[in-house]
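Student: Quick one, what's the 3D model for this:
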Amino acid sequence: MTALQHATGAPGSRIYSYGAARGDLVVPNDDLVEPINSSDEWIRQRTGVVERRRASAEVNAIDLAVTASTEAIRSAGIRPDQIGAVLVSTVSNTVQTPSLASLLAERIGATPAPAYDISAACAGFTYGIAQADSFIRSGLAQYVLVVGAEKLSQFAKPTDRTISFLLGDGAGAAIVGPAAESGIGPTVWGSDGAKWDAVGMDSTLQEYREGAGQVDWPTLRQEGQTVFRWAVWEMAKVAQQALEVAGVTADQLAAFIPHQANMRIIDELAKQLKLPASVAIARDIATTGNTSAASIPLATHALLAEHPELSGGLALQIGFGAGLVFGAQVVVLP
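Tutor: Below is the predicted model:
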């Protein structure tokens with residue numbers, strides 16, 4: 001058999017920059033409590049959310065993605081035509097097909113870069129980073145744009161007490177490029193389909209279509225206790241594995257950036273990992289809400305803006321959510 005030639009890439013990869021876009025509307029708890037017969041205090045105690053950012057009716061996930069991507073490209077100091085792949089993690093595209101990624105590539109000037117969407121919910125950004133790292137080290141691309149973009153407010157039911165009041169809109173983007181040494185550690189990722197229905201939609205598109213008005217537009221809901229227990233106990237193990245495969249210990253971290261699902265989950269994970277006080281912990285959920293695939297890059301962007309001294313330090317990031325799916329890796333902050 002004739003051996004085929006194969007591209008060779010960089011010895012390592014790293015994240016060059018981040019970009020962010022949040023919904024233009026600030027929605028405090030008081031605006032949402034009446035339909036769920038609740039209070040600002042109840043939401044704060046259970047979730048840590050004070051307010052969330054949501055997008056106006058005319059703003060879609062693609063618009064947020066363009067804004068975040070444009071900032072990331074500019075901050076990385078590269079041209080859009082240098083991007084070798086566009087990966088967008090989203091559950092908020094306005095259509096089932098074509099992908100949001102292909103439209104994003106066109107709008108930012110990255111065409112004809114390959115582009116596709118990743119449907120991994122709240123773990124989607126970590127999935128994208130894992131793929132970008134492999135693309136660069138294998139020679140498949142020199143620079144990769146990884147985006148988490150969501151407009152979850154379009155799937156929020158005002159009367160739902162399980163998740164709707166958590167949801168926000170936004171996009172976070174990162175440029176991943178070549179490096180002499182590895183700036184992205186091995187990814188620990190996986191899924192648990194036995195809990196497939198713990199987070200998801202309350203009806204299917206087929207049920208909506210055939211319901212003749214008897215079935216509402218599908219919206220998000222979750223089994224809160226199931227998700228909480230899984231996130232706290234199982235994801236602490238995944239996070240610890242990510243540290244181990246990267247060859248670092250908790251006291252070597254500069255930051256911990258988990259998916260912004262719930263402040264209680266964030267605090268409990270930090271406790272399980274025995275993070276020292278020196279580790280900065282992202283708590284963007286308090287003012288942005290849960291933005292699914294966008295939450296990790298948005299939280300990282302905010303953390304670096306508030307603490308620029310973290311640049312060059314190690315961050316443990318972990319995403320987890322509907323599927324149930326999860327992904328974690330240690331990265332060097334740009």
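Student: Show me the helices in the chain, by range?
Tutor: Applying DSSP state H to the chain gives helices spanning 40-47, 61-76, 100-108, 124-138, 205-210, 224-229, 235-246, 263-272, 285-288, 295-306.
Student: Tell me who's in contact with the closest residue to residue 69 other than its chain neighbours.
Tutor: Counting by Cβ to Cβ, 6 or more residues apart in numbering, residue 69 lies nearest to residue 173, which is 4.4 Å off, once chain neighbours are set aside. C-beta here means a position set from N, CA and C on the backbone, and glycine is covered the same way. Listed by Cβ atoms under 8 Å, 6 or more residues apart in numbering, the contact partners of residue 173 are 18-20, 65, 68-69, 71-72, 145-148, 297.
Student: Go ahead and confirm residue 181 touches residue 137.
Tutor: No - Residue 181 is not in contact with residue 137 according to Cβ atoms under 8 Å; the separation is 11.6 Å.
Student: Which one's more surrounded, the two?
Tutor: When residue 181 and residue 137 are compared on other Cβ atoms under 10 Å, the one with more neighbours turns out to be residue 137, at 18 against 10.
Student: How many residues are close by the residue nearest to that one when sequence neighbours are not counted?
Tutor: Distances taken as Cβ to Cβ, 6+ apart place residue 9 nearest to residue 137, at 4.8 Å, with adjacent residues excluded. Counted with other Cβ under 10 Å, the burial measure for residue 9 works out to 16 neighbours.
Student: same check, this time on the one 4 residues further on
Tutor: Using other Cβ under 10 Å, residue 13 has 27 other residues around it.
Student: if I look at it, how far off is residue 112?
Tutor: Taking Cβ to Cβ, to the nearest Å as the measure, residue 13 falls 22 Å from residue 112.
Student: quick one: common contacting residues for residue 181 and residue 137?
Tutor: When contacts are counted by Cβ under 8 Å, 6+ apart, residue 181 and residue 137 have 11, 12 as shared neighbours.
Student: Surely residue 84 touches residue 146?
Tutor: No - contact between residue 84 and residue 146 fails when scored by Cβ under 8 Å: they sit 12.0 Å apart.
Student: Looking at the two, which one has more neighbours?
Tutor: With neighbours defined as other Cβ under 10 Å, residue 84 and residue 146 compare such that residue 146 has more, 30 against 19.
Student: Pull the contacting residues for the most centrally placed residue in the chain.
Tutor: Residue closest to the average C-alpha location in the chain (Cα atoms, centre = their mean): residue 293, at 2.7 Å. For residue 293, the contacting residues are 89-91, 118, 120-125, 148-150, 319, taking Cβ under 8 Å, 6+ apart as the criterion.
Student: Show me the strands in the stretch 51-200 of the chain, by range?
Tutor: If DSSP state E, counting those that start in this stretch is used as the criterion, the strands of the stretch 51-200 of the chain fall at 51-54, 83-89, 115-118, 143-151, 169-179, 188-191, 199-201.
Student: Report the rounded mean pLDDT for stretch 238-245.
Tutor: In this model, stretch 238-245 has an average pLDDT of 98.
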